[in-house]
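Novice: give me the fold of what follows.
(chains A and B)
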Amino acid sequence: MIHKWLTGKATNILIPIIAVFLGILVGAIIMLFIGQNPFTGYAALINGAFGDIYYFGEMLRMMTPLILAGLAVAFAFRTGLFNIGVEGQLIVGWLASVWVGVAVEAPMFIHLPLSIAAGAIAGALWGFIPGFLKARFYVHEVIVTIMMNYVALYTANHLIRTYLLVPGERTERISTTASLASPFLQSLTDFSRLHYGFFLAIFACVVLWFVLWKTTLGYELRAVGYNKHASHYAGMNVNTNIILAMVISGGFAGVAGAMEGLGTYGYMSILSGFTGTGFDGIAVALLGANTSIGVFLAAALFGALKIGAPNMQSAAGIPPELVDIVIALIIFFVASSYLIRLVINRLQKEGK
Amino acid sequence: MNNVIEMNNIRKEFPGIVANDNITLQLRQGEIHALLGENGAGKSTLMNILFGLYQPTKGEIKVRGKKVDITDPNVANELGIGMVHQHFMLVDKFTVAENIILGSEPTKSGKIDIRKAEKDVLELSERYGLKVDPKAKIEDISVGMQQRVEIVKTLYRGAEILIFDEPTAALTPQEINELIQIMKALVKEGKSIILITHKLKEIMAVCDRCTVIRRGKGIGTVEVAESNPDSLAAMMVGREVNFTVEREKAKPKEAVLNINDLLVKDTRNVPVVNGLNLEVKAGEILGIAGVDGNGQSELIEAITGLRKIDSGKITLNDKDLTRLKTRKITESGIAHIPQDRHKHGLVLDFSVAENIVLQTYYQKPYSKNKVMNFPAIFKKSKELIEEYDVRTPSEHTQARALSGGNQQKAIIAREIDRSPDLLIAAQPTRGLDVGAIEFIHRKLIEERDKGRAVLLISLELDEVLNVSDRIAVIYEGKIVAVVDPSETDEKELGLLMAGGKSKKVGEAQ
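Specialist: As a prediction, the model looks like this:
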């Protein structure tokens, strides 16, 4: 039995690793197909992410919202909900944090936490709506969260255009008292846009783990996610828990938006389309098997791929879109984990 | 008589366990052969080997005297072996005929010939007295008829040897009788049947011979005519089993639970519990007998706060529970062993330990300031696993991985350990084997002897008669009679349960 448990656990770790490997492998085949050398291609990609301290800083910067978006998806998933609305929650979180960052005047130790909290609350509110609709009227959260993404995008654009616009199709810059920008981290990384938010994202990983696995709240949320009927039987308030799960998930997503607003950019532009970070969060959570450490590692991988991509173009002449294909392939292989499991089991059988 | 199937010295190993160890099963032409064993004894593994889902580690299989290698279910099909699964494999939205032909559809110029299919199905159905309507949709027909569809499915594929995997688990007593008739008709037509079960009554009623396995080992094959339930049970469990629970007479005290004029309506606004009155005293087991669907489930849900009460009053030790939430009711001193252990009793994806604290996780010492105290939870779980003999590799094992009997023991451990004033046990032994049933009955009586009130709801008359100190008969949402189990029998109870009147007891309340 212990033997079985071990192999089960090992399989869970092996699957994402194999999926990444297969994604890169198929990516290499595609490079061959378009007449490029995959070795120079991937060398350029790695070089683009790690070859220069600046790019490394940018990679960590890129990771920050990816981690938080991934945590948002993972948290909801652990409680039996599929939050496709991280994108929208991220957008409202971004806007709310920038708004508070611009409009409020206060010393930093109040202003910065207040701005981050504004992002979290806005995201949480955006998560509350689908949570409430699900609990009260049995409306499926996937439908509502998808729709809420569009509402978030166009509402944010409207609000910026009407109330916050300055030349450049964007809001004013936030006051320095609300900024996560760190001259220290910038100087360390040759003036990349790396900011203190990165540490906040790592802290959020710990928070997610602690809440889910160490608190009565996490116990209830997981119980409701697995089996509503048994939770009801045990005297838990099922509806409250569903709403709470969406609120917390939305809160993580809102903070992801605040990272962009208070850290990377210091403002919010009118968006011509979705940022994509929220949707990448789904992939990050999936690849990270909805665990804190997994989400962190998956975000690191995606961050590196995205930052390294432009260098493939300039150094090896390979279109950066190839990276998107590799990411898609990785997700494809994770999603088809059944296939990988089958192969692992077959190999184990033959090994005996 | 010649053997149609010989499974000789079969051994099957899984990583870390031997599921089958030297089991021999020989099926004669035209017999009904029982395969008897406790939950988890290895019956399903053995049959899955015969059906080609697993390969044996050692041993040989002969079909009609010829040694065969059953590498997958298609090979089994070709050899004329068909399986009627415990969990039906049917497409709800398809008709009976469509389900039956699935995978071997008769075609006419490239199109499915549904007319021919329906005709064939009807013919088979009539020949064996199966009474299935080929045009009915699966979602519209009863569980019993769905099972008959499964039987026709195997016959349609030309099965000569039928394996029935615990076929009566989901059936009502009437449906069980019908099934027994069908099995007899099948062997009369020359089929041979293997019946996987742990119900001794069914074996006595219908089987010719019986092969017993215990913890993966073959114990032996006996002629049913030369054995009796006691000897079969002893073979299966490995010791003598008491069917009649030994106990002293109850010493009932004051009433703990009082229900007055309880009215509960369902979603269509039809009363399902309709002016019900009941009292359960400390130190007694009150059994509720009734045909399924006469308001038993709704009654329990109303008492435990899982369902809205329309009118009436429920009190526990004079405390009004009528409008309280489930948690408050639980805390007032009610424990509840739910009838559906997978739906309500357990979070199957949680570990055993996490399930042990399902009702108490928010209290000390299992959590403090909203932070879980896992060492305390594991310690408690270990104690209860030991005390209630829950067979699990550890307290960290997923509840899903346990056998039904051990899952039920875990629930009972959790509920009884809270020292409730009232213990509600809803069909506590459903689907369990005799060993587990005996254990659970003993626990219920122990609780009674500690002076607690026990409310037992069961669809099995044997159980109600054996365990209860008083029996209340429920019919159409009302208690129609309260009888003394020593002064009644199945016949009288059956009559009362069907809404008839008994001369002896008259109408209660």
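Novice: counting neighbours, what do you get for the closest residue to B:L402 other than its chain neighbours?
Specialist: Nearest non-adjacent residue to B:L402, counting by CB to CB, 6 or more residues apart in numbering or on different chains: B:T392, 5.5 Å away. (Each C-beta comes from the backbone N, C-alpha and C, glycine too.) Residues within reach of B:T392, counting by other CB atoms under 10 Å in any protein chain shown, total 22.
Novice: how about the residue in the stretch 101-250 of chain A that chain B sits nearest to, what does it touch?
Specialist: Residue of the stretch 101-250 of chain A nearest chain B, by CB to the nearest CB: A:G235 (3.0 Å). The contact partners of A:G235, taken as CB atoms under 8 Å, 6 or more residues apart in numbering or on different chains, are B:G305, B:K325, B:T326, B:R327, B:K328, B:I329, B:T330, B:Q359.
Novice: helix, strand, or coil at it?
Specialist: Here A:G235 is recorded as coil under DSSP: H, G, I helix; E, B strand; the rest coil.
Novice: find me the pLDDT at it, would you?
Specialist: For A:G235, the model assigns a pLDDT of 94.
Novice: next, it: phi, psi?
Specialist: Per-residue torsions, A:G235: phi 80, psi 10 (degrees, to the nearest 10).
Novice: what of B:S351?
Specialist: phi -70, psi 170.
Novice: okay, now the residue lying closest to it once chain neighbours are set aside: neighbour count?
Specialist: Nearest residue to B:S351 in three dimensions, chain neighbours excluded: B:H396, at 5.0 Å (CB to CB, 6+ apart). Other residues near B:H396 come to 13 when the count uses other CB under 10 Å.
Novice: tell me who's in contact with B:H396.
Specialist: Applying CB under 8 Å, 6+ apart to B:H396 gives the contacts B:S351, B:V352, B:A353.
Novice: surely the last one touches B:K379?
Specialist: This means B:A353. No. Applying CB atoms under 8 Å, one finds B:A353 not in contact with B:K379, separated by 9.4 Å.
Novice: picking up where we left off before, give me the subset of the contacts of A:G235 lying in helices.
Specialist: Residues of those located in helices (DSSP state H): B:T326, B:R327, B:K328, B:I329, B:T330.
Novice: and the fourth one, how many residues sit next to it?
Specialist: It stands for B:I329. Neighbours around B:I329, by other CB under 10 Å: 22.
Novice: A:L81 belongs to a helix?
Specialist: No. For A:L81, which was evaluated using three-state DSSP, the result is coil, with no helix membership.
Novice: show the pLDDT at A:E350.
Specialist: 60.
Novice: also A:I344?
Specialist: So, for A:I344, pLDDT stands at 73.
Novice: are we agreed that it is in a helix?
Specialist: Yes. Counting by three-state DSSP, A:I344 is located in a helix.
Novice: in the stretch 251-352 of chain A, which ranges drop under the pLDDT threshold?
Specialist: Residue ranges of the stretch 251-352 of chain A with pLDDT under 70: A:348-352.
Novice: tell me what the longest helix belonging to chain A is packed against?
Specialist: Scanning chain A for the longest helix, with DSSP H as the assignment, gives helix A:2-33. Applying 3 or more CB pairs under 8 Å, 6 or more residues apart in numbering or on different chains; DSSP states H and E, one finds that helix A:2-33 contacts helix A:38-50, helix A:277-287, helix A:292-311, helix A:321-335, helix A:337-351.
Novice: and that helix, how far from the chain's centre?
Specialist: Computed by CA atoms, centre = their mean, to the nearest Å, the separation of helix A:2-33 from the middle of its chain amounts to 21 Å.
Novice: stretch A:316-333 now?
Specialist: Counting by CA atoms, centre = their mean, stretch A:316-333 comes out at 18 Å from the chain centroid.
Novice: and for that stretch, what are the contacting residues?
Specialist: By CB under 8 Å, 6+ apart, stretch A:316-333 touches A:18-20, A:22-24, A:26-27, A:30-31, A:34, A:36-37, A:40-41, A:43-45, A:283, A:286-287, A:302, A:305-306, A:308-310, A:312-313, A:340.
Novice: for it, buried residues please.
Specialist: Within stretch A:316-333, the residues that count as buried by 16 or more other CB atoms under 10 Å in any protein chain shown are A:A316, A:I318, A:P320, A:L322, A:V323, A:V326, A:I327, A:L329, A:I330, A:I331, A:F333.
Novice: around chain A, pick out the residues from chain B.
Specialist: Within chain B, the positions adjacent to chain A are B:15-17, B:304-306, B:325-330, B:336, B:338, B:340, B:343-350, B:354, B:358-359, B:361-362, B:367, B:370-372, B:393, B:397 by CB under 8 Å from any CB of the partner chain.
Novice: now the residue of chain B found nearest chain A: how far from A:H232?
Specialist: Closest approach of chain B to chain A (CB to the nearest CB) occurs at B:R327, with a separation of 3.0 Å. Distance, B:R327 to A:H232, by CB to CB, to the nearest Å: 10 Å.
Novice: quick one, which of these two is more surrounded?
Specialist: Set B:R327 next to A:H232 and count neighbours by other CB under 10 Å: A:H232 wins out with 18 against 15.
Novice: wouldn't that one be in contact with A:T240 here?
Specialist: No. Between A:H232 and A:T240 there is no contact under CB under 8 Å: 11.6 Å.
Novice: which residues are in contact with each of the two?
Specialist: Counting by CB under 8 Å, 6+ apart, nothing touches both A:H232 and A:T240.
Novice: helix, strand or coil: sort out the residue nearest the centre of chain A for me.
Specialist: Taking CA atoms, centre = their mean, the centroid of chain A lies closest to A:A69, which sits 2.5 Å from it. Under three-state DSSP, A:A69 falls in the helix class.
Novice: again with B:G500
Specialist: coil.
Novice: now for it, how many residues are close by?
Specialist: Neighbours of B:G500 (other CB under 10 Å): 11.
Novice: got it, and A:A230?
Specialist: For A:A230, using other CB under 10 Å, the count is 24.
Novice: and the one 10 residues further on, by the same measure?
Specialist: Residues lying near A:T240 (other CB under 10 Å) number 13.
Novice: so it is in which element?
Specialist: helix A:238-258 (DSSP states H and E).
Novice: residues touching B:K281, list them.
Specialist: B:P252, B:K253, B:E254, B:A255, B:V256, B:A453.
Novice: a helix runs through A:R161, doesn't it?
Specialist: Yes. Judged by three-state DSSP, A:R161 forms part of a helix.
Novice: for the residue lying closest to it once chain neighbours are set aside, give me its contacts.
Specialist: In space, and not counting its chain neighbours, A:R161 is closest to A:I270: 6.4 Å by CB to CB, 6+ apart. For A:I270, the contact set (CB under 8 Å, 6+ apart) comprises A:N157, A:I160, A:R161, A:L165, A:E169, A:R170.
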